[in-house]
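Peer 1: based on what follows, work out the 3D shape:
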Amino acid sequence: MNVANITQSLEVGNVSNAVLQLDRLQDQQFANYLGTDLSQQPVQSTESIRDTLGTITQQTNTKPAIVYTLLLPDQLEIVVVTTEGTPIRKTVPEANRQAILEAAFELRQQISNPRFRGSNQYLLLAQKLYQWLIAPIQEELAAQNIDTLLFSMDAGLRSLPIAALHDGEQFLIEQYAIALIPSISLTDMRYIPLRNSRVLAMGASQFTQLNPLPAVPLELATIAEQLWQGQALLNESFTRTNLIAKRQEYPYQIIHLATHAEFNSGEQKNSFIQLWNEQLYLDELRTLGWNNPQVELLVLSACRTAVGDETAELGFAGLALAAGVKSALASLWYVSDEGTLALMTEFYQHLAEVPIKAEALQNAQLSLLRGEVKIAEGELRGTGALRGLELPADLAGVENTDLSHPYYWAGFTMIGSPW
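Peer 2: A predicted model of the protein is given here:
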């Protein structure tokens, strides 16, 4: 499947055919990177996609849409599939490939740099990218009451912090729950509620060659013992052997790993999750058996992705796929220890309250954006049950922090199924 075939279908007005070709193009890119074709089954028709989205609407009372982007040398193509009618196609001539990639790279740089946490200079780029990627389809999304967007992004846009796009008044995350998918045929579209599930929470606070993560013991204990039901294992217990054995003892549906993880350029084995005594490489994740029975959600709470590198992007956007899990929550850049603790504790509180994972993430991000969560006087002050969580001694002296800047929340991304 090549781009010329897709553009030909678009030019003759056969948008439904272009959707199937776009999906297969994405399949090919991820199959080439992962070294194997992991698609459940190729999408046969846009009608089947609509039916699937309709089923999700009935089960979750949400209204999802799938947004495909295709970057061409002279324009941006956007194709949207919803539960109603034929797919929508929009062409944005001013957003040629070079212009949109430069803007996306620069926005990511401005938001993710901790030195700019007090600045809103990113807004110009956030608004420009909104005008290119969202404004052309906004009217149709509003007409159908869409509240959840699944983005199947072209290469170069998979590490864009989509949640931070801005319409001049609001961030995108204030309008929609968001997920990043490789393609439809590479996404498990079935819905299973998580309310009664258990979490296996593992991580490390000390490392021989990487920076310490002093909030991890508090993060694991709070998630596994206060906010959710489960088991927490720290430092010396955080091994590959335990990771496999604990999941064999009990089929945990959520696996939470509070540790360093890196999505680097090049092949899969350049990207890794740091365990206590070794690195677990991306191409080894499938050996952990997380697809049998299926892990519903993998959370990596302290990861980062190489900016502007298409293979690093494939590792990030393909995380759920590579691990054999249904959904993954990971970050595009490493946020401060206390910022990560804030986002993660909010996420698990909301996960117990709303039907889908992407909405739980959206609500957590909004809690930070709206200043409902902050660091003050050595405490994390959040919503819900966590009115005040005393920070560990290593962070006790951390300055009072307003967590509303997108640096703290926009990098966290739901990958794979939003539900």
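
Peer 1: quick one, strands of the stretch 151-300 of the chain?
Peer 2: Here the stretch 151-300 of the chain has its strands, by DSSP state E, counting those that start in this stretch, at 177-180, 199-203, 230-234, 254-263, 272-274, 279-281, 297-305.

Peer 1: for the helix or strand containing residue 361, packing partners?
Peer 2: Assigned by DSSP states H and E, residue 361 belongs to helix 357-369. Helices and strands touching helix 357-369, as assessed by 3 or more C-beta pairs under 8 Å, 6 or more residues apart in numbering; DSSP states H and E, comprise strand 177-180, strand 327-331, helix 337-351, helix 406-409, strand 412-416. All C-beta atoms are positioned from the backbone trio N, CA, C, and that covers glycine.

Peer 1: state the mean pLDDT of the fourth one.
Peer 2: The one in question is helix 406-409. In this model, helix 406-409 carries a mean pLDDT of 97.

Peer 1: which strands or helices does that helix pack on?
Peer 2: For helix 406-409, the packing partners by 3+ C-beta pairs under 8 Å, 6+ apart come out as helix 97-112, helix 337-351, helix 357-369.

Peer 1: residue 91 contacts residue 72, correct?
Peer 2: No - if you go by C-beta atoms under 8 Å, residue 91 and residue 72 don't touch, sitting 9.1 Å apart.

Peer 1: comparing the two, which residue is more hemmed in?
Peer 2: Comparing residue 91 with residue 72 by other C-beta atoms under 10 Å, the one with more neighbours is residue 72, at 17 against 14.

Peer 1: look up how far residue 324 lies from the closest residue to residue 251 other than its chain neighbours.
Peer 2: Spatial nearest neighbour of residue 251, excluding adjacent residues (C-beta to C-beta, 6 or more residues apart in numbering): residue 293 at 4.8 Å. According to C-beta to C-beta, to the nearest Å, residue 293 stands 11 Å off from residue 324.

Peer 1: repeat that for residue 85.
Peer 2: 35 Å.

Peer 1: settle it for me: which of the two has more neighbours?
Peer 2: Applying other C-beta under 10 Å to residue 85 and residue 324 shows that residue 324 carries more neighbours, namely 18 against 11.

Peer 1: can you tell me which residues contact the more buried one?
Peer 2: If a contact means C-beta atoms under 8 Å, 6 or more residues apart in numbering, then residue 324 has 285-286, 288-292, 294-295 as its contacts.

Peer 1: which of the residues you listed are buried?
Peer 2: Taking 16 or more other C-beta atoms under 10 Å as the criterion, what is buried in the contacts of residue 324 is 285-286, 288, 290, 295.

Peer 1: residue contacts, the closest residue in space to residue 114 that isn't next to it in sequence?
Peer 2: In space, and not counting its chain neighbours, residue 114 is closest to residue 407: 6.5 Å by C-beta to C-beta, 6+ apart. Neighbour list for residue 407: 111-114, 116-117, 335, 339 [criterion: C-beta under 8 Å, 6+ apart].

Peer 1: try 10 Å
Peer 2: 110-119, 122, 161, 164, 333, 335-336, 339 (C-beta atoms under 10 Å, 6 or more residues apart in numbering).

Peer 1: returning to what we had before: nearest to residue 216, of the helices and strands packed on helix 357-369?
Peer 2: helix 337-351 (7.9 Å; C-beta to C-beta).

Peer 1: domain map for the chain?
Peer 2: Structural domains assigned to the chain are 3-180, 199-416, following automatic domain parsing.

Peer 1: show me where the protein has helices.
Peer 2: In the chain, the helices defined using DSSP state H lie at 3-11, 15-34, 46-60, 97-112, 123-133, 135-143, 216-221, 240-249, 310-317, 319-323, 337-351, 357-369, 406-409.

Peer 1: closest one to residue 415 among those?
Peer 2: Residue 415 lies closest to helix 319-323 among the helices of the chain, at 5.1 Å (C-beta to C-beta).

Peer 1: restrict the closest one to CA atoms and write it as CSV.
Peer 2: The C-alpha trace of helix 319-323 is given here as CSV (Å, rounded to 0.1, in the frame of the first residue of the first chain):
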residue,chain,number,x,y,z
LEU,A,319,3.7,0.4,22.9
ALA,A,320,0.4,-1.3,23.5
LEU,A,321,0.9,-3.4,20.4
ALA,A,322,4.5,-4.3,21.2
ALA,A,323,3.6,-5.3,24.8
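
Peer 1: pLDDT of that helix, averaged?
Peer 2: Helix 319-323 carries an average pLDDT of 94.

Peer 1: start the count at 417 instead of 1 going forward.
Peer 2: Let's use 417 as the start, then, which means that last one is helix 735-739.

Peer 1: any idea how far residue 551 is from residue 591?
Peer 2: 12 Å.

Peer 1: should've said residue 725
Peer 2: 29 Å.

Peer 1: over to residue 509: give its phi and psi.
Peer 2: phi -60, psi -40 (degrees, to the nearest 10).

Peer 1: excluding residues flanking it in the chain, which one is nearest it?
Peer 2: Residue 509 sits nearest to residue 491 (C-beta to C-beta, 6+ apart), 4.7 Å away.

Peer 1: now do the contacts for the one you found.
Peer 2: Contacts of residue 491 by C-beta under 10 Å, 6+ apart are 423, 507-513, 515-516.

Peer 1: neighbours of residue 608, how many?
Peer 2: So residue 608, with other C-beta under 10 Å, has 13 neighbours.

Peer 1: try the one 3 residues further on
Peer 2: One way to gauge burial is a neighbour count; for residue 611, by other C-beta under 10 Å, it gives 9.

Peer 1: appreciated, that's everything.
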